[in-house]
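[1] A structural model of the following input is requested.
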Amino acid sequence: MNGLDEFRMKALLHIEVVQLQRKIWNDKNIKEKQFQEGDWELLYDSRYKDFKGKLRTRWLRPYVVEGCHGNGSVQIKTIDEEAIPLLINGTY
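    Next up, the predicted model:
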């Protein structure tokens, strides 16, 4: 029984080490994006993320950033100056 507990503790320690290594690698590859008022952006349509296909577009039309908020949300409007009452997540 003691051998089984010891093996289990080693496995748990190994899992912690691997998770920490993955977190460090992931955090290192995150790129910070800052939007400014007047920037253009494409809005990703997440409805199609599960449907794989070459001909299906996953991007909505271009938008202009109308305002940025402190929590990372962004107010957008169409390029035709049509305001959209929608705040989107501006951080990735």
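
[2] in which helix or strand would I find K10?
    helix 2-28 (DSSP states H and E).

[3] Past that helix, which element shows up next along the chain?
    strand 40-44.

[4] Which strands border that following strand, and is each parallel or antiparallel?
    If you go by DSSP bridges, strand 40-44 pairs up with strand 59-68 (antiparallel).

[5] counting contacts, what elements does the host helix or strand of K77 pack onto?
    Following DSSP H and E, one finds K77 within strand 73-78. Counting contacts by 3 or more C-beta pairs under 8 Å, 6 or more residues apart in numbering; DSSP states H and E, strand 73-78 packs against strand 40-44, strand 59-68, strand 83-89. For every residue, glycine as well, the C-beta is placed using N, CA and C.

[6] K33 is nearest to which of those strands?
    Of all the helices and strands packed on strand 73-78, strand 40-44 sits nearest to K33, with 9.4 Å by C-beta to C-beta.

[7] got the CA positions of the closest one in PDB?
    Taking Å, rounded to 0.1, in the frame of the first residue of the first chain, the C-alpha atoms of strand 40-44 are listed here in PDB:
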ATOM      1  CA  TRP A  40     -10.100  49.200 -38.200                       C
ATOM      2  CA  GLU A  41     -10.800  45.700 -37.100                       C
ATOM      3  CA  LEU A  42     -12.400  42.500 -38.300                       C
ATOM      4  CA  LEU A  43     -14.900  40.800 -36.000                       C
ATOM      5  CA  TYR A  44     -14.600  37.000 -35.700                       C
END
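
[8] Quick one: mean pLDDT over it.
    The pLDDT scores in strand 40-44 average 80.

[9] Figure out how far it is from the centre of its chain.
    13 Å (C-alpha atoms, centre = their mean, to the nearest Å).

[10] re the thing from before, for the helix holding K10, the distance to its chain's centre please.
    26 Å.

[11] what do you get for stretch 64-79?
    16 Å.

[12] Next, the distance between the ends of it.
    6 Å (C-alpha to C-alpha, to the nearest Å).

[13] and that stretch, which residues are buried?
    Under the neighbour-count criterion of 16 or more other C-beta atoms under 10 Å, stretch 64-79 has V65, C68, V74, Q75, I76, K77 buried.
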